[in-house]
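# give the three-dimensional model of this entry:
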Amino acid sequence: MPKALSADLFAQYLRISRLLAGQLDFQSAIDAVAKEIKDIVPNDHMDVCIIAPGSTFHTAYESGIETDWSRRPPASIDHSPLRSLLRGEVDRIVTDDASTDPQFHFEGSFSFPIIEHKLKSRLHVALKVHGETIGALSCSSLRTGVYGQGDLDRASAIGDLIAPYFYALLSAERAKKSAIVEAETRVREEALRQGAGRLTEALEAERQRIGMELHDQTLADMTRFARRLERLSLMPDLPGEMLEPLTRSLQQSMRDLRQIIEQARPSVLQLFGPAEAIENHLERSIRDSGMSIEWELLDETDGASAELPQAVSVAIYRIAQEAINNAIRHSQGDRVDVRLWKDKGVVVLDIRDNGIGMTTPPGPRGSGIDNMRTRARLISAQFACRSDGSGTTVSVRLPRLEQGVKI
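Predicted structure coming up:
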């Protein structure tokens, strides 16, 4: 090869490299270098097939004659006339007449564009990065017997030059799609969280309304009924021992109802904040259990817990209720410690018992642990439940106040 020609080729390769720089999509890259490639490897049609990593589908980008290869969505490599090259079985394919060459025409192959556009001479070289085939560069002529060994060598050099650029575009496209999917997922999750949060807030309001209704109407009615029973027990015609079981049952029902009302209407929470409300629930629950359990609540938040948004306060109060109830009923321990503290500016709630730990994995959906985890997610908090032979710890790490959690 004459030195002048080698210099010309080298200059053309450099121009291809410069033209590819800054191109942001596959078709723009093909259009930018099509003329330079045509000067090096004469063609009436040129295309580049690109394979997504790990995929069995390829996409074609064309210059010159436009065919159905680029009009179709990503197509299966198995149906491509270049399947042996795209699979990495060969690195080069050349033919004098593709219209009659059987390697392009097999059962299921999409070789119609070859016939429709009368593509005769064809050469194809693999685009490789790190030894892996990521696509193919193809040049076609309407004349037969056009391409020889020199054309193949020059096309291979072009393929080696452009492969890294197309691989970079492929990686950028995948990253962009991944970022879009991730952003869409975050938007959907946030919409679901806010919708569920509003529903939870509405349910909490309804729960408190029911609590007030029970207190103002049902409990008042039961109190009047209890007084009537008391008066009846004093009448000489009715033996007191006959009414005593009914009186005890009614008093027990009233105690149960008062507990339900207290849980449904957390007035201490509304008046004093989550620390006071949790402490009130902890003390009452241990007292009502009749068990000998020591307890302690530490609020080390310097008042930050009392300044939490109402929805966040309600959520951590309900989580604390569930965790305390589980510790009293199931842990078989004799101590429960609750700690509200700050870590790197965020409020953390820890509830720990010194019991036997969870002897079985958490139950199916709807279990207490899943309920706590769901409440934490609704306020964008981190939830953890750790268990070992020395007890169980439930931790809730709240979001930063400046994030403006809206539920």
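# so where does Gln23 fall, helix or strand?
Under the criterion DSSP states H and E, no helix or strand holds Gln23.
# what's it sitting at in phi/psi?
phi -70, psi 140 (degrees, to the nearest 10).
# contacting residues for Arg339?
Contacts for Arg339 (C-beta atoms under 8 Å, 6 or more residues apart in numbering) come out as 297-298, 300, 348-350, 352. (Each C-beta comes from the backbone N, C-alpha and C, glycine too.)
# do that again at 6 Å, thanks
298, 350 (C-beta atoms under 6 Å, 6 or more residues apart in numbering).
# and what about it, helix, strand or coil?
Following DSSP: H, G, I helix; E, B strand; the rest coil, the label given to Arg339 is strand.
# may I have the beta-bridge partners of it?
Leu298, Asp350 (DSSP bridges).
# quick one: it from Ala315, how far?
Arg339 sits 18 Å away from Ala315, going by C-beta to C-beta, to the nearest Å.
# tell me where the chain has helices.
Here the chain has its helices, by DSSP state H, at 3-20, 26-40, 68-71, 83-86, 112-116, 149-213, 219-233, 240-264, 267-272, 274-289, 310-330, 368-378.
# show me the one of those helices that comes nearest Gly391.
Nearest to Gly391 among these is helix 310-330; the distance by C-beta to C-beta comes to 8.5 Å.
# re earlier: now render the helices of the chain as JSON lines, adding mean neighbour count, mean pLDDT and distance to Ser55.
Converted to JSON lines, these look like this (neighbours: other C-beta atoms under 10 Å; pLDDT from 0 to 100; distance: least, C-beta to C-beta, whole Å):
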{"stretch": "helix 3-20", "mean neighbour count": "13", "mean pLDDT": "77", "distance to Ser55": "23"}
{"stretch": "helix 26-40", "mean neighbour count": "17", "mean pLDDT": "92", "distance to Ser55": "15"}
{"stretch": "helix 68-71", "mean neighbour count": "16", "mean pLDDT": "90", "distance to Ser55": "17"}
{"stretch": "helix 83-86", "mean neighbour count": "20", "mean pLDDT": "94", "distance to Ser55": "11"}
{"stretch": "helix 112-116", "mean neighbour count": "17", "mean pLDDT": "93", "distance to Ser55": "22"}
{"stretch": "helix 149-213", "mean neighbour count": "14", "mean pLDDT": "78", "distance to Ser55": "10"}
{"stretch": "helix 219-233", "mean neighbour count": "13", "mean pLDDT": "73", "distance to Ser55": "67"}
{"stretch": "helix 240-264", "mean neighbour count": "13", "mean pLDDT": "68", "distance to Ser55": "55"}
{"stretch": "helix 267-272", "mean neighbour count": "15", "mean pLDDT": "73", "distance to Ser55": "54"}
{"stretch": "helix 274-289", "mean neighbour count": "18", "mean pLDDT": "89", "distance to Ser55": "51"}
{"stretch": "helix 310-330", "mean neighbour count": "21", "mean pLDDT": "90", "distance to Ser55": "44"}
{"stretch": "helix 368-378", "mean neighbour count": "19", "mean pLDDT": "87", "distance to Ser55": "34"}
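# can you list the domains in this protein?
Following automatic domain parsing, one finds the domains of the chain at 3-182, 268-407.
# make TSV from these and add distance to Leu232 to it.
Compiled in TSV, those are given as follows (distance: least, C-beta to C-beta, whole Å):
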stretch	distance to Leu232
domain 3-182	70
domain 268-407	29
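# what about those, which gets the closest to Met235?
Among the domains of the chain, domain 268-407 comes nearest to Met235, with 33.5 Å by C-beta to C-beta.
# indicate which one of the helices of the chain is closest to Arg92.
Closest approach to Arg92 among the helices of the chain is made by helix 149-213 (5.7 Å; C-beta to C-beta).
# what confidence value was assigned to Pro364?
Per-residue confidence at Pro364 stands at 46 (pLDDT).
# list the contacts of stretch 38-47.
Residues outside stretch 38-47 that contact it (C-beta under 6 Å, 6+ apart) are 12, 60, 62-65, 138-142, 151, 154-155.
# buried stuff in stretch 112-128?
Neighbour-count burial for stretch 112-128, with 16 or more other C-beta atoms under 10 Å as criterion, is recorded at 113-114, 117, 119-128.
# gap between the nearest residue to Glu230 once chain neighbours are set aside and Pro102?
Closest residue in space to Glu230, ignoring its immediate chain neighbours: Thr247 at 7.2 Å, by C-beta to C-beta, 6 or more residues apart in numbering. Relative to Pro102, Thr247 is positioned 100 Å away (C-beta to C-beta).
# about what we covered before: nearest to Ile50, of the buried residues of stretch 112-128?
Nearest member of the buried residues of stretch 112-128 to Ile50, counting by C-beta to C-beta, is Leu127, at 8.0 Å.
# on that earlier part again, biggest separation within the contacts of stretch 38-47, which pair?
Most distant of the contacts of stretch 38-47, by C-beta to C-beta, are Gln12 and Ala60, 24.1 Å apart.
# tell me the contacts of Ile16?
Applying C-beta under 6 Å, 6+ apart, the residues near Ile16 are 33, 36.
# let's go with 10 Å and repeat that
Contacts of Ile16 were listed using C-beta atoms under 10 Å, 6 or more residues apart in numbering, and they are 32-33, 35-37, 39-40, 157-158, 161-162, 165.
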